[in-house]
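K.L.:
Here is my input; please provide its structure:
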Amino acid sequence: MQSIKHFSAISLAVLLVSMPGCASTSTPPQQPQSQKGSEVYFSDAAITAKVKTAIFNEPSLKVADINVETNKSMVQLSGFVDSRANMTKAVEVARGVSGVTSVKNDMRLK
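P.N.:
Okay, the predicted model is just below:
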């Protein structure tokens, strides 16, 4: 009986010591999906703010008439402009903002 307890204790000790060796450390830990989503949201919010500021700083454009939405670094412009030249200018300004991957133009002429 005594030898069975010793054998069990030794087997358990060997098992516990060998278990950490089974863990793989070759790949870095992944971020939780919810954290990735919040990073994208904050990045999109920052891009939206940058595009609105760039449009505001362009004297020929009226920032109050142009709506800016960003989803996964893709900017969508909507609203109303006075001319095709202003529409083209707004798209150019948005494309010039760092972080913008594409611009969708849904603006209309007044």
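K.L.:
In terms of helices and strands, where is Q76?
P.N.:
When elements are assigned from DSSP states H and E, Q76 belongs to strand 74-81.
K.L.:
and after that strand, which helix or strand comes next?
P.N.:
Past strand 74-81, the next helix or strand by DSSP H and E is helix 84-95.
K.L.:
how big is the angle separating that following helix from strand 74-81?
P.N.:
150 degrees (axes from the mean of the first three to the mean of the last three Cα atoms, to 10 degrees).
K.L.:
Mind listing residues that contact helix 84-95?
P.N.:
For helix 84-95, contacts defined as Cβ atoms under 8 Å, 6 or more residues apart in numbering pick out 51, 54-55, 58, 60-61, 66, 68, 75, 77, 81, 100, 103, 105, 107, 109. Quick note: C-beta positions are derived from backbone N, CA and C, even for glycine.
K.L.:
Give me the buried stretch members for that helix, please.
P.N.:
86-87, 89-91, 93-94 (16 or more other Cβ atoms under 10 Å).
K.L.:
Which residue ranges of the protein form strands?
P.N.:
66-71, 74-81, 102-109 (DSSP state E).
K.L.:
For S43, find the nearest of those.
P.N.:
Among the strands of the chain, the nearest to S43 by Cβ to Cβ is strand 66-71 (8.4 Å).
K.L.:
If you count neighbours, what's buried in stretch 67-77?
P.N.:
For stretch 67-77, using 16+ other Cβ under 10 Å, the buried residues are 68, 70, 75-77.
K.L.:
closest to I47 among these?
P.N.:
Taking the buried residues of stretch 67-77 together and measuring to I47 by Cβ to Cβ, the closest member is T70, at 4.7 Å.
K.L.:
Was I right to think that closest one contacts K50?
P.N.:
No - if you go by Cβ atoms under 8 Å, T70 and K50 don't touch, sitting 9.3 Å apart.
K.L.:
Reformat the buried residues of stretch 67-77 as JSON lines; add distance to S43.
P.N.:
Shown next, in JSON lines, are the buried residues of stretch 67-77 (distance: Cβ to Cβ, whole Å):
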{"residue": "V68", "distance to S43": "14"}
{"residue": "T70", "distance to S43": "8"}
{"residue": "V75", "distance to S43": "12"}
{"residue": "Q76", "distance to S43": "16"}
{"residue": "L77", "distance to S43": "18"}
